[in-house]
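S.K.: got a structure for you, letters missing:
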């Protein structure tokens with residue numbers, strides 16, 4: 001839905017830019033009335049829409065790597081005790097790393113969702129600015 005809004009906003013902006021050069025200036029009155037000084041003119045309402053910035057790619061957390069599986073696990077005889085214990089210890093360490101990774105990944109996901117929401121709000125701001 002938000003991607004559609006961005007697409008529509010982009011199309012509206014490009015069509016408005018194409019229509020602007022063809023616009024005719026307003027007709028000036030035959031007898032100008034007593035004009036107010038230029039400094040007293042009401043300022044045009046300009047809505048500035050600030051485009052959101054995505055979270056930096058450097059903030060993206062890296063998922064921990066699974067330990068290498070020993071080849072002896074797939075054999076009929078199995079692994080010798082020391083190799084099985086080593087692999088089991090590596091899996092336990094991986095599970096701890098994965099537990100620590102989860103909240104970091106969820107925080108990054110929240111930043112991404114906030115960026116998506118802000119992008120939709122930015123597109124809506126641009127659409128509203130064009131309609132004024």
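M.R.: Thanks, I have the structure now. On a predicted model such as this, the values are computed, not experimentally measured, just so you know.

S.K.: any idea where the helices of the protein begin and end?
M.R.: Here the chain has its helices, by DSSP state H, at 2-19, 81-131.

S.K.: out of the ones you listed, which comes closest to residue 55?
M.R.: Counting by CB to CB, residue 55 lies closest to helix 81-131 out of these; the figure is 4.1 Å. Any C-beta I mention is one placed from the backbone N, CA and C, and that applies to glycine too.

S.K.: That closest one - what's its average pLDDT?
M.R.: For helix 81-131, mean pLDDT is 94.

S.K.: Run through the neighbouring helices and strands of that helix.
M.R.: helix 2-19 (3 or more CB pairs under 8 Å, 6 or more residues apart in numbering; DSSP states H and E).

S.K.: What sits closest to residue 121 if chain neighbours are left out?
M.R.: With CB to CB, 6 or more residues apart in numbering as the criterion, residue 121 has its nearest non-adjacent residue at 7.9 Å, and that residue is residue 52.

S.K.: circling back: just send the helices of the chain back as CSV, with mean neighbour count and distance to residue 62 too.
M.R.: Putting these into CSV (neighbours: other CB atoms under 10 Å; distance: least, CB to CB, whole Å) gives the following:
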stretch, mean neighbour count, distance to residue 62
helix 2-19, 12, 27
helix 81-131, 13, 8
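
S.K.: that older thread, ok, the residue nearest to residue 121 - contacts?
M.R.: Contact analysis of residue 52 by CB atoms under 8 Å, 6 or more residues apart in numbering lists 115, 118, 119, 121, 122.

S.K.: Can you name the residues that contact the residue lying closest to residue 65 once chain neighbours are set aside?
M.R.: Excluding the flanking residues, the one nearest residue 65 by CB to CB, 6+ apart is residue 94, at 7.9 Å. Each residue near residue 94 by CB under 8 Å, 6+ apart is listed here: 64, 65, 66, 67.

S.K.: sorry, back to before: could I get the helices of the chain in CSV, plus columns for distance to residue 58?
M.R.: Converted to CSV, these look like this (distance: least, CB to CB, whole Å):
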stretch, distance to residue 58
helix 2-19, 25
helix 81-131, 11
